[in-house]
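Novice: coords please:
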Amino acid sequence: MNTFLFIHTRESEGDHALIYTRNLAEKLKSKIIVMFTAPPIVSATAMQLSTVAGTNPDDYQIKESNPTESQPQNDDIVTYLSYQETARLGMYQLVSKYKIDVIVKGCKTICNKIDLDLQNILSKTLCPLFLIPQGAALSLNHIGYLTDLRYCKREIVSFARQLQRGLKNNLTICNVAASGLPDMAEPFANSMFKELVGAETMKLMNIKERNITKTVDVLAHIMHIDLFMLSYRRSHYNNLIVATESEYQQIHTPLLLFPS
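Specialist: Coordinates of the predicted model:
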């Protein structure tokens, strides 16, 4: 995992998610490319001056107190693209030009529905999408891959291994039967786990609970899983994302979504 593309909307959840992503990139020795989806915010002072003078607010070089209102400085980890470059190239060209491995975006809560732009990201760029809620803790000690072992994807397991090696943390395959399918017997689940995964550094958790929101709640608060990986538009994701705000408002665990 060499490069993250961070989508910054210039809102507060983006600021927190960027701190989270930088913390992750430092541990993985990765780079972050930040693209802005909105132009810099014009200060009230510049706007007042331009109104009086009948000129463009951009003509006034006034320092902003909020760092997100001006172009931040690049460093050895983070490169900030101008809004003009982002608008000129577009998402797909940026992914290709900078050889992006993962796309990252902050969100207010995990309940927010995936908007059309993010659907296009997952369907056309083939990059995993990292959604980081505003309340997410900066620690990343335990990863959970939420799946039905019968549909477990080897490429996601491979990605999880790579992440685990870089972070030196715990990794658990959380086996929950997909909607409409029977639970897997323990011996069958263990056998399939060894065949598909076969890694001593990973653990298997065979879960009987069918309510995904309850399952995620327990895994996050009791098992202390602080990142969930799952396939986008599969049974578990579909059941999870339709959760109401009241059901899911206490969970602030990031999701790493993979194209189906």
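
Novice: Pro133 - how many residues pack around it?
Specialist: 22 (other CB atoms under 10 Å). The C-beta positions use only the backbone N, C-alpha and C, and glycine is treated the same way.

Novice: For it, which residues are in contact?
Specialist: Pro133 makes contact with 13, 106-110, 252-254, according to CB atoms under 8 Å, 6 or more residues apart in numbering.

Novice: are any of those residues buried, and which?
Specialist: Buried residues within the contacts of Pro133, defined by neighbour count using 16 or more other CB atoms under 10 Å: 13, 106-107, 109-110, 252-254.

Novice: remind me which residues of the stretch 101-250 of the chain are low pLDDT?
Specialist: For the stretch 101-250 of the chain, the stretches flagged by pLDDT under 70 are 110-117, 199, 241-250.

Novice: Run through the helices of it in chain order.
Specialist: Listed in chain order, the helices of the stretch 101-250 of the chain (DSSP state H, counting those that start in this stretch) span 116-120, 154-167, 186-196, 212-221, 235-241, 245-248.

Novice: what does the fifth one rub up against?
Specialist: Taking contacts as CB under 8 Å, 6+ apart, the residues outside helix 235-241 that touch it are 111, 113-114, 146-148, 176, 178-179, 212-213, 216, 230-231, 257.

Novice: Make a ChimeraX selection of the buried ones in these.
Specialist: Remark: buried members of the contacts of helix 235-241, expressed as a ChimeraX selection using 16+ other CB under 10 Å:
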select :111,114,146,147,148,176,178,212,213,216,230,231,257
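
Novice: and the contacts of helix 235-241, which of them are in strands?
Specialist: 146-147, 176, 230-231, 257 (DSSP state E).

Novice: tell me the contacts of the most centrally placed residue in the chain?
Specialist: What sits nearest the mean C-alpha location of the chain, by CA atoms, centre = their mean, is Phe130, with 1.5 Å. Neighbouring residues of Phe130 by CB under 8 Å, 6+ apart: 4, 21, 102-105, 254-257.

Novice: let's see 6 Å
Specialist: By CB atoms under 6 Å, 6 or more residues apart in numbering, Phe130 lies in contact with 102, 104, 256.

Novice: Check Gly106 too.
Specialist: 13-14, 17, 132.

Novice: For the top helix by length along the chain, give the mean pLDDT please.
Specialist: Assignment by DSSP state H gives helix 12-28 as the longest helix of the chain. For helix 12-28, mean pLDDT rounds to 93.

Novice: how big is the angle separating that helix from helix 154-167?
Specialist: On the basis of axes from the mean of the first three to the mean of the last three CA atoms, to 10 degrees, helix 12-28 is oriented at 80 degrees to helix 154-167.

Novice: Show me what helix 12-28 is packed against.
Specialist: Helices and strands touching helix 12-28, by 3 or more CB pairs under 6 Å, 6 or more residues apart in numbering; DSSP states H and E, are strand 3-8, strand 102-107.

Novice: next helix or strand past it?
Specialist: strand 31-36 (DSSP states H and E).

Novice: Spell out which strands sit alongside that following strand in the sheet and which way each one runs.
Specialist: As defined by DSSP bridges, the strand partners of strand 31-36 come to strand 3-8 (parallel), strand 78-80 (parallel).

Novice: Thanks a lot, see you next time.
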